[in-house]
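Build me a model:
(chains A and B)
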Protein chains: 2
Amino acid sequence: MNAEIIAVGSELLLGQIVNTNARFLSRQLADLGINVFYHTVVGDNPVRLKEAIKVSQERAEFILFTGGLGPTKDDLTKDTIAAQLGKQLVLDEEAMRSIELYFEKTNRVMTENNRKQALVIEGSVILKNDNGMAPGMFLSTEEHKYMLLPGPPSEMEPMFIKYGQEAIAGMFGKQAKIESRVLRFFGIGEAALEAKIEDLIDQQTNPTIAPLASDSEVTLRLTARDDSTNSAQSMIDGVEAEIMARVGEFFYGYDETSLVAELSKLLKEKGMTIAAAESLTGGMFQQELTSLPGASSLFKGGFVCYSNEAKIELVNVNHETIDKYGAVSSECAEELAVNAASLVDADIGISFTGVAGPDELEGKPSGTVYIGIYLKGHPVHSEKLNLGGTRAAIRRRAVKYGCHLIINRLSGTRKR
Amino acid sequence: MNAEIIAVGSELLLGQIVNTNARFLSRQLADLGINVFYHTVVGDNPVRLKEAIKVSQERAEFILFTGGLGPTKDDLTKDTIAAQLGKQLVLDEEAMRSIELYFEKTNRVMTENNRKQALVIEGSVILKNDNGMAPGMFLSTEEHKYMLLPGPPSEMEPMFIKYGQEAIAGMFGKQAKIESRVLRFFGIGEAALEAKIEDLIDQQTNPTIAPLASDSEVTLRLTARDDSTNSAQSMIDGVEAEIMARVGEFFYGYDETSLVAELSKLLKEKGMTIAAAESLTGGMFQQELTSLPGASSLFKGGFVCYSNEAKIELVNVNHETIDKYGAVSSECAEELAVNAASLVDADIGISFTGVAGPDELEGKPSGTVYIGIYLKGHPVHSEKLNLGGTRAAIRRRAVKYGCHLIINRLSGTRKR
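Down below sits the predicted model:
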């Protein structure tokens, strides 16, 4: 089966927003084994939308629309498709009730044009909107399948995952349940990871294994289709076990998470607190840690010791350490980590010192990074990294490595 | 004139990347008064690309392509368009020399397939690639204009601005030079700003005025077309003066800049240093300040004082201040700002304390923010803000407000 995604909205053609919906749906459809051959963007104009539908009917079997389901005059996706297919719009009572409820809950008066959102194309399966008002639709004709989804990603994405996938799975007959799981890896490149599981990727059609790399991390998205959620999940379990046997040492979490979120979770579980002294990263580690709600239970405070003076005066690093070894050294990193923990009275101290570039520092090239890790009651330890990329990338990667090192040290189940 | 943008690349159809090129070109074309009626994405497949070109020839006068100009077998945009137009590919000597030079400079051996990148469609105007190897092309036939641009945004965007705009301007005859300038505003909403200059926006067709809002900032993009760079720039100067007379107090910078970059520039000019004590923002201000190269001349260090304990022990805030007024108070903000400056021996101290949410704190609702500002030799001052939005948005906006407050305080030319 091949598909085309048509996004409707003049704001896309004016360049005010970028078509992230097409990316989201393309990934999802790839996971389901459906080939996407075209994306189209067309404005809120019925004549041009009709032309786009005609073109798409010639070249695609499954046409997905995003946008144009709202209450204003500009929202004409439903009307145009219905007219093109010779179908009527009918009022969906359940959608109407849920729109009325939405206005009651938010204490606002419903204007008449909102009723328009409860009109659906006759004969279509309704996809509920749990995050907004306009429902989606799924419609089959002899030659084509159509899916209509709302434009805002906050409505469209959950609707597709919760209701759209199931409607699509129905097309495949018995295998009606689709489940996905994302495995996240750090400390291994995409090519190296793929090389270790190449045979699995090649063999697998259900579950599918889709690798993706970004910002020093690699993810594998596993998607299975079967006749029950349980059996689809256990198919994923099987493939996951094979993958973990080969590259499990680099795995750090499932689905929507991050290294700093996993570190935060682990510290909460163990009831431990952490303090930081950041030179290279200028506060990025602490900023990310405190971006998560509830950070106060594990983080009291720390230092941004950008200059040597600040390292000495704020974090009590010995003058001699910097004179003898430089600020970009394992000795300095280790003193910073120990002192940060003791000054803040935390269980763990971490430090970042290095050269973010573009210029070299103390004769050390851009990308030279030392991370100090101190666990109360244990000898302090530091790790030297040589990171590539821009100033921003070096800093981001250093923070990720820092989280990774503490996670490994605390969990003890994985090695590096 | 109406246009269509065709992006060529299977990675777009797989959802691996998002089509930011279409957004960039759409904005640029809107500034030039060219209507974009469709975006299309098609994979690296000659049959389907040919079909997409045919469809586009029926509905657009100006067709812009991005992607598929590289050296590999997948890169087939040029070949397919040439075949469709019945034209030959010919070697462009200048492009060939610049490709050879590129390999010399990077000390790599050129493989034979790289020669392919110097092949261009006969009769086209060559658009130089200053950031990569594959040149772009601009081509006129009786019925259509075609522009071929590379896929990577780092190559495509500068090529379009430096060479593509000029080729397009040529279509308009004498008015061959196009100039743009972006004005950046903070501290005023998009609707309020637009209301103050509505008549200017409505009247203007050359220069055009395009407003855009994102993340508490509003930008106005001014674009003029005239027969010389100088006259286009002076047309922009004229409109800018009118805009500034009305909303100049909210203006903070031109083109690619940010509040933190403007603050950094100002501190360097004045030879001043700054220190920070961050509670609410958890290090975000210091992280952003140090994200800019050369930060060490104006920033030595500071504190992330997330807990009350850290405020007291690291930044010497009086126990009584917190007991009496709370940590989220002007009193605490002011002590933090003064002490940060004196502990680090900096000319300026800034502090951020508040409630990022989702929960309230000390009985104060999420979004309550105090920013303390201390300039050595002047009385300390603080500002209370009530910010809306998510935890992340509140923190980001607080940092922007902090930069804004110091800039206004130091420059003295603008008021709030």
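
what does the stretch 101-250 of chain A put close to chain B?
If contact is defined as C-beta under 8 Å from any C-beta of the partner chain, the residues of the stretch 101-250 of chain A in contact with chain B are A:L212. Every C-beta, even on glycine, is put in place using the N, C-alpha and C of the backbone.

Quick check, the residue in the stretch 101-250 of chain A closest to chain B?
Scanning the stretch 101-250 of chain A for proximity to chain B using C-beta to the nearest C-beta identifies A:L212 as nearest, at 6.7 Å.

which SS class is that residue?
Of the three states, A:L212 takes strand according to DSSP: H, G, I helix; E, B strand; the rest coil.

Check chain A and tell me which residue is nearest its centre.
The residue at the geometric middle of chain A, judged as the C-alpha nearest the mean C-alpha position with C-alpha atoms, centre = their mean, is A:E256 (5.6 Å).

mind listing what that residue touches?
A:E256 makes contact with A:V182, according to C-beta atoms under 8 Å, 6 or more residues apart in numbering or on different chains.

Mind listing what's buried along stretch A:61-78?
For stretch A:61-78, a neighbour-count test (16 or more other C-beta atoms under 10 Å in any protein chain shown) marks A:61-71, A:74-78 as buried.

Extract the C-alpha trace of the helix or strand bottoming out on mean pLDDT in chain A and format it as CSV.
None of the helices or strands of chain A scores lower by mean pLDDT, DSSP states H and E than strand A:208-214, at a mean of 81. What follows is strand A:208-214, C-alpha atoms only, in CSV (Å, rounded to 0.1, in the frame of the first residue of the first chain):
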residue,chain,number,x,y,z
THR,A,208,10.1,-3.7,12.3
ILE,A,209,13.3,-2.2,13.7
ALA,A,210,13.9,1.5,12.7
PRO,A,211,17.2,3.1,13.8
LEU,A,212,17.5,6.9,14.1
ALA,A,213,20.5,9.0,15.3
SER,A,214,20.5,12.5,16.7
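
That strand: how far from the chain's middle?
Relative to its parent chain, strand A:208-214 has a centroid offset of 12 Å by C-alpha atoms, centre = their mean, to the nearest Å.

hmm, who's touching that strand?
Counting contacts by C-beta under 8 Å, 6+ apart, the residues outside strand A:208-214 that touch it are A:27, A:30-31, A:33, A:189-190, A:193-194, A:197, A:200-201, A:218-224, A:239, A:243, B:16.

Try it again at 6 Å.
A:31, A:190, A:194, A:201, A:219-223 (C-beta atoms under 6 Å, 6 or more residues apart in numbering or on different chains).

By neighbour count, which of those residues wins?
Using other C-beta atoms under 10 Å in any protein chain shown as the neighbour definition, these reach their maximum at A:T223, which records 25 neighbours.

Correct me if wrong: that one contacts A:D31.
Yes - when contacts are counted by C-beta atoms under 6 Å, A:T223 is listed as touching A:D31 (3.8 Å).

ok, and for the helix ranked longest in chain A, which residues are buried?
When chain A is scanned for its longest helix (criterion: DSSP state H), the result is helix A:391-411. For helix A:391-411, burial by neighbour count (16+ other C-beta under 10 Å) applies to A:391, A:393-408, A:410.

With just CA atoms, put it into PDB.
Taking Å, rounded to 0.1, in the frame of the first residue of the first chain, the C-alpha atoms of helix A:391-411 are listed here in PDB:
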ATOM      1  CA  ARG A 391      30.900  24.700  20.600                       C
ATOM      2  CA  ALA A 392      27.200  24.000  21.300                       C
ATOM      3  CA  ALA A 393      27.600  20.300  20.400                       C
ATOM      4  CA  ILE A 394      30.600  19.800  22.600                       C
ATOM      5  CA  ARG A 395      28.800  21.300  25.600                       C
ATOM      6  CA  ARG A 396      25.600  19.300  25.000                       C
ATOM      7  CA  ARG A 397      27.600  16.100  24.600                       C
ATOM      8  CA  ALA A 398      29.600  16.700  27.700                       C
ATOM      9  CA  VAL A 399      26.400  17.000  29.800                       C
ATOM     10  CA  LYS A 400      25.100  13.800  28.300                       C
ATOM     11  CA  TYR A 401      28.300  12.000  29.000                       C
ATOM     12  CA  GLY A 402      28.200  13.300  32.600                       C
ATOM     13  CA  CYS A 403      24.700  11.800  33.100                       C
ATOM     14  CA  HIS A 404      25.800   8.600  31.500                       C
ATOM     15  CA  LEU A 405      28.800   8.200  33.700                       C
ATOM     16  CA  ILE A 406      26.900   8.700  36.900                       C
ATOM     17  CA  ILE A 407      24.100   6.400  35.800                       C
ATOM     18  CA  ASN A 408      26.600   3.700  35.100                       C
ATOM     19  CA  ARG A 409      28.500   4.300  38.300                       C
ATOM     20  CA  LEU A 410      25.300   4.100  40.400                       C
ATOM     21  CA  SER A 411      23.400   1.300  38.700                       C
END
